[in-house]
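S.K.: Make a model of this:
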Amino acid sequence: MVAVTAHCIASARDVLCDFAMFEDDYQQPNDDAPLSFNWRNALFILVEHWQWILLCLLVSATLTVLYLQRAPAIYAATAVLKFETEKPKILNIEEVVDENYHDEELVNEKLGEVDQLLKNRDILQGVVESNNLASDPRFFISTAQSTNTVDEAWLVSKLSQQVQAKPRKGTHLVDVTVENGDPALSAQLANSLVDEFIRHNAESYKTQSQQATTFLSEEARDLQRKLNNAEAQMQEYKDQSLSLEQRQAIVADNLKNLNEKVESARADRLRLETDYKPVKMFDNDIEKLLHLPTVATDPSVVAARGAIAEQEVDFANLKHVYREKHPVYIQARSKLEELRRVLSNTTLRVAQVMQTTYENALARESTLRDELGRQEAEAQDLNKQFVPYNVLLRDIEQYRSLYDAVVKRIGETTIAGNIADQRIQVFERAEVPKWPTKPKKLEVVMFGLLGGLGLCVAVTLGIGLMDDSFKTLTETEQALKMPVLTTIPEIPSVRAEEKRIVVDDNGPTSGSESFRFLRTSLSLQDGEKPLRTFLFTSVLPGEGKTFCAVNFAASLARQGLKTVVIDCDLRRPMVDEFLWDVKTERWGLAQMISHNLEMDDVVRGTAIENLWIVPAGPYVAKSSELLARCPFNVILEDALRRFDRIVVDSPPIFGVSDTLLLVRHCDAVCLVVWARHTSRATVRRAIHLLERSGGSAMGIILNALPRNRRTANGDPYYDYGYYPKRSEEPVEKQEPV
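M.R.: Below you'll find the model as predicted:
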């Protein structure tokens with residue numbers, strides 16, 4: 001099984017890698033794209049660590065098997081309870097203790113509470129006692145307890161853990177399940193539990209009925225006392241209120257008569273007011289007053305106007321007989337004028353009479369209204385005196401009605417309490433289960449395997465995604481915004497310190513092609529002036545800067561260029577160790593600076609044609625001060641007169657300041673970064689220090705990149721694809737120019 005699993009994982013890894021390689025053939029990296037989570041990288045992380053995932057699967061499978069072997073078998077027996085919506089109608093009375101089972105929502109709520117009701121301590125204690133669980137060894141099959149070390153509280157708690165109630169959706173049925181290591185005992189406990197639940201519910205119903213009866217009896221006694229007190233007060237009040245009733249009758253009659261008189265006076269006043277308003281408007285204008293019907297129809301006015309008419313007729317006749325100065329004429333004219341004065345006075349007198357009559361009617365109405373108000377106030381006072389009487393009468397009626405209802409209810413409750421509540425019934429009793437329900441082997445196996453796999457995947461992804469080092473060429477260029485000059489793979493011979501000069505080895509895993517590509521990359525950087533001095537440095541010690549510098553120099557020498565390697569790492573010189581045929585001499589760069597020696601005094605030849613070195617020489621104190629006061633540019637100029645190319649191996653940037661003193665004198669600075677080890681923040685800080693010192697990195701050399709399909713996909717090693725796979729005869733490889 002392990003071999004098959006490993007084969008499947010390896011196949012999946014190859015498929016993912018092939019797909020990634022195909023995708024990269026058609027997609028160029030975007031230098032400006034920000035770094036983000038990459039699902040493909042996450043998949044490759046998982047594939048690369050497939051051994052750990054497989055190990056976790058094996059461990060989880062082993063633990064799952066051990067658990068299944070040690071886990072006890074658990075049997076589940078289920079009894080079914082039915083909740084009736086209505087209680088059987090034995091008596092046609094309404095119950096005092098009545099849970100509303102008619103509302104469907106309340107029924108569902110009650111069914112949801114059954115699990116908690118079944119785990120009531122009194123019910124479970126009754127089941128423990130009725131089944132004598134304290135001395136039944138079957139109850140302890142799945143526990144480490146014994147019958148000699150348990151108490152009743154532990155038994156109740158353990159039984160509560162074994163009980164589960166679950167309503168059936170859309171019905172009034174509840175499944176009551178008891179789980180135990182013994183199948184017969186699980187069925188016995190399930191049936192005993194539902195019986196105890198029904199009994200406990202009936203007793204609770206009966207207790208509540210008795211409590212309700214007691215409460216109603218106390219209320220009946222209190223109502224009886226209040227009714228007696230109210231009736232006694234009513235009798236006393238009746239003895240004192242006979243005169244009030246007589247006065248109330250008199251006041252009522254007076255109010256009735258006064259209302260009638262007020263209405264009559266109001267009608268007369270309105271009628272007279274209607275007649276008087278025009279008279280008041282015309283004041284003493286006789287002509288206008290005589291045009292009013294009420295004045296013109298007055299008998300005195302009518303008589304005066306008749307006399308004037310007769311006299312005018314007579315006076316008109318006399319005008320034909322007598323002249324104006326005749327006594328008869330004068331007498332007739334005087335009589336006519338007198339009659340006219342009488343008409344004016346009569347008209348004014350009629351108007352005065354109308355005014356007096358209106359004012360008298362208004363005064364009479366006001367007087368009657370005042371008397372009516374006084375009678376109404378007296379009636380209100382009498383009504384206030386009757387308020388206690390009405391209150392007593394209402395209280396007596398209320399107390400008598402309540403007392404009769406409570407007495408009737410006491411009788412009904414007493415009878416209903418003696419009838420058991422049959423709304424909860426056993427719908428189906430539990431049977432002895434034939435097969436265990438726990439442990440569920442398939443679920444346990446799936447959970448164990450998936451849990452182990454998920455934990456391992458999470459840890460692996462966490463470790464891989466939190467790794468801040470550079471893993472591929474693409475992400476290095478995107479993060480640093482500068483080119484990667486070459487990627488150097490992990491070389492087994494160098495790692496085992498068997499061989500350190502690899503440019504002469506044309507094997508497919510030697511890495512020689514990487515240095516040839518580095519040589520080509522740097523040559524392509526030439527502008528108007530070719531690059532002749534190259535400084536190799538690293539961020540931290542141990543990243544392979546000396547290895548890269550020496551092999552790069554060897555590649556230049558193999559191209560026919562006279563090359564010298566200057567070891568400027570005065571603290572830990574390594575160049576002479578790489579070139580094994582060079583013995584450590586007394587003189588080196590340190591002595592050249594301190595004793596003002598010539599280049600010819602310290603330069604040494606090597607076994608590689610066209611390659612020389614200037615060793616660091618014996619250790620000297622205060623190497624930083626030595627490099628600071630030396631004319632390094634003069635040394636380089638002197639070397640350039642003798643050699644075509646100069647390769648400087650400088651100390652790491654962090655820890656010492658030697659490199660920062662040298663970078664401004666070299667044409668190209670190559671920063672060596674250890675893939676999958678050096679953090680990005682450290683590399684960015686080193687680049688910043690180089691820029692502040694007057695130099696800048698030409699590019700990055702990604703060293704010791706692991707050989708796997710993922711990195712090969714993103715960072716092609718330039719010796720892949722140039723060698724035969726099947727033919728036995730080697731194919732000549734052309735040296736890159």
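S.K.: switch to C-alpha atoms for all contacts and neighbour counts from now on
M.R.: OK.
S.K.: Show me what the helix ranked longest in the chain packs onto, helices and strands only.
M.R.: The residue-count maximum for a helix in the chain (DSSP state H) belongs to helix 327-417. With contacts taken as 3 or more C-alpha pairs under 8 Å, 6 or more residues apart in numbering; DSSP states H and E, helix 327-417 sits against helix 183-240, helix 242-282, helix 286-290, helix 293-296, helix 299-319.
S.K.: Quick one: these as CSV, columns for mean neighbour count, mean pLDDT and distance to residue 403 too.
M.R.: As requested, those are exported to CSV (neighbours: other C-alpha atoms under 10 Å; pLDDT from 0 to 100; distance: least, C-alpha to C-alpha, whole Å):
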stretch, mean neighbour count, mean pLDDT, distance to residue 403
helix 183-240, 18, 78, 6
helix 242-282, 15, 76, 30
helix 286-290, 17, 74, 80
helix 293-296, 16, 74, 74
helix 299-319, 16, 80, 80
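S.K.: wait, what's in contact with residue 289?
M.R.: 279, 282, 295, 296, 347 (C-alpha atoms under 8 Å, 6 or more residues apart in numbering).
S.K.: what's the answer for residue 52, then?
M.R.: With C-alpha under 8 Å, 6+ apart, residue 52 has these contacts: residue 456.
S.K.: Please apply the same query to residue 575.
M.R.: 546, 550, 565, 567, 613, 615, 649 are the contacts of residue 575 under C-alpha under 8 Å, 6+ apart.
S.K.: So the last one versus residue 248, what's the distance?
M.R.: Same thing as residue 649. In this view, residue 649 and residue 248 are 131 Å apart by C-alpha to C-alpha, to the nearest Å.
S.K.: can you check the fourth one too?
M.R.: Applying C-alpha to C-alpha, the value for residue 567 to residue 248 is 135 Å.
S.K.: give me the element residue 702 is part of.
M.R.: Using DSSP states H and E, residue 702 maps to strand 697-705.
S.K.: who does that strand pair up with?
M.R.: Strand pairing for strand 697-705, using DSSP bridges, gives strand 484-489 (parallel), strand 668-674 (parallel).
S.K.: Return the member of those having the minimum mean pLDDT.
M.R.: Among these, strand 484-489 has the lowest mean pLDDT, at a mean of 91.
S.K.: What residues of that one count as buried?
M.R.: Going by neighbour count (16 or more other C-alpha atoms under 10 Å), the buried part of strand 484-489 is 484, 485, 486, 487, 488, 489.
S.K.: Send over it as PDB, restricted to the C-alpha atoms.
M.R.: Output of strand 484-489 as PDB, limited to C-alpha atoms (Å, rounded to 0.1, in the frame of the first residue of the first chain):
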ATOM      1  CA  VAL A 484      19.800  37.100 -12.000                       C
ATOM      2  CA  LEU A 485      23.100  36.600 -13.900                       C
ATOM      3  CA  THR A 486      23.000  32.800 -13.500                       C
ATOM      4  CA  THR A 487      21.600  30.000 -11.300                       C
ATOM      5  CA  ILE A 488      24.100  27.500 -10.000                       C
ATOM      6  CA  PRO A 489      22.700  24.100  -8.900                       C
END
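S.K.: what residues does it touch?
M.R.: With C-alpha under 8 Å, 6+ apart, strand 484-489 has contacts from 473, 476-477, 511, 514-515, 517-518, 521-522, 699-707, 715-717.
S.K.: Filter these down to the buried ones.
M.R.: Of those, these count as buried by 16+ other C-alpha under 10 Å: 473, 476-477, 511, 514-515, 517-518, 521-522, 699-706, 715-717.
S.K.: To what extent is residue 179 buried, counted in neighbours?
M.R.: 24 (other C-alpha atoms under 10 Å).
S.K.: That one sits in which helix or strand?
M.R.: Here residue 179 is assigned to strand 173-180, by DSSP H and E.
S.K.: Neighbouring strands - and their directions - for that strand?
M.R.: strand 75-83 (antiparallel), strand 163-167 (antiparallel).
S.K.: Other residues contacting the longest one?
M.R.: Surrounding strand 75-83, the residues in contact under the criterion C-alpha under 8 Å, 6+ apart are 172-183, 186-187, 190-191, 194, 423-433, 435-438.
S.K.: let's go with 7 Å and repeat that
M.R.: With contact meaning C-alpha atoms under 7 Å, 6 or more residues apart in numbering, strand 75-83 is reached by 172-183, 186-187, 190-191, 423-433, 435-438.
S.K.: now the shortest one
M.R.: The contact list for strand 163-167, computed with C-alpha under 7 Å, 6+ apart, reads 111, 112, 114, 115, 173, 174, 175, 176, 177, 178, 179.
S.K.: Dump the residues you listed to JSON lines, plus distance to residue 592 and pLDDT.
M.R.: JSON lines is the format used below for those (distance: C-alpha to C-alpha, whole Å; pLDDT from 0 to 100):
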{"residue": "111", "distance to residue 592": "98", "pLDDT": "65"}
{"residue": "112", "distance to residue 592": "95", "pLDDT": "66"}
{"residue": "114", "distance to residue 592": "97", "pLDDT": "74"}
{"residue": "115", "distance to residue 592": "94", "pLDDT": "72"}
{"residue": "173", "distance to residue 592": "102", "pLDDT": "87"}
{"residue": "174", "distance to residue 592": "99", "pLDDT": "87"}
{"residue": "175", "distance to residue 592": "97", "pLDDT": "88"}
{"residue": "176", "distance to residue 592": "97", "pLDDT": "87"}
{"residue": "177", "distance to residue 592": "95", "pLDDT": "88"}
{"residue": "178", "distance to residue 592": "94", "pLDDT": "86"}
{"residue": "179", "distance to residue 592": "91", "pLDDT": "85"}
